[in-house]
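1. no sequence for this one, just the structure:
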């Protein structure tokens with residue numbers, strides 16, 4: 001489930017960036033594909049950053065509805081939960097076995 005949530009939280013902002021770029025493109029004459037690509041990347045980054053910061057703020061102030069809305073706009077209602085896979089330090093493991 002975490003992989004799907006992570007995927008959705010990547011794809012939805014990309015699609016949103018594309019849609020925003022298309023909206024900006026209406027009536028604006030882009031002379032090159034590289035400019036259009038840069039605008040897409042910029043708008044995608046701004047979209048993701050805005051809603052990720054809003055989601056983080058909402059969680060800090062314990063506003064569950066706001067966090068859910070921000071999460072949905074990122075593609076998944078809650079942030080992915082990645083398990084802690086860090087290994088214990090070598091000296092800690094040696095102490096525990098002694």
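-> Cool, got the structure. In this text, all values refer to a predicted model and were calculated from it rather than measured experimentally.
2. what's near enough to touch residue 43?
-> Residues counted as contacts of residue 43 (C-beta atoms under 8 Å, 6 or more residues apart in numbering) are 16-17, 20-21, 24. C-beta coordinates here come from the backbone N, C-alpha and C atoms, glycine included.
3. Regarding the chain, what is its longest helix?
-> Across the chain, the longest stretch assigned as helix under DSSP state H is helix 33-60.
4. In that one, which residues are buried?
-> Across helix 33-60, burial judged by 16 or more other C-beta atoms under 10 Å covers 36, 39-40, 43-44, 47-48, 51-52, 54-55, 58-59.
5. what's the following helix or strand after it?
-> Per DSSP states H and E, the first helix or strand lying C-terminal to helix 33-60 is helix 64-73.
6. hang on, the earlier thing: and which of the buried residues of helix 33-60 is nearest residue 65?
-> Taking C-beta to C-beta as the measure, residue 65 sits nearest to residue 58 out of the buried residues of helix 33-60, at 8.1 Å.
7. isn't the closest one right next to residue 66, touching?
-> Yes - between residue 58 and residue 66 there is a contact at 3.8 Å, judged by C-beta atoms under 8 Å.
8. Can I get the contacts of residue 43 in JSON lines including distance to residue 75 and secondary structure?
-> Output for the contacts of residue 43, formatted as JSON lines (distance: C-beta to C-beta, whole Å; DSSP: H, G, I helix; E, B strand; the rest coil):
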{"residue": "16", "distance to residue 75": "9", "secondary structure": "helix"}
{"residue": "17", "distance to residue 75": "12", "secondary structure": "helix"}
{"residue": "20", "distance to residue 75": "15", "secondary structure": "helix"}
{"residue": "21", "distance to residue 75": "18", "secondary structure": "helix"}
{"residue": "24", "distance to residue 75": "21", "secondary structure": "helix"}
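9. closest to residue 71 among the buried residues of helix 33-60?
-> Using C-beta to C-beta, residue 55 comes nearest to residue 71 of the buried residues of helix 33-60, at 5.5 Å.
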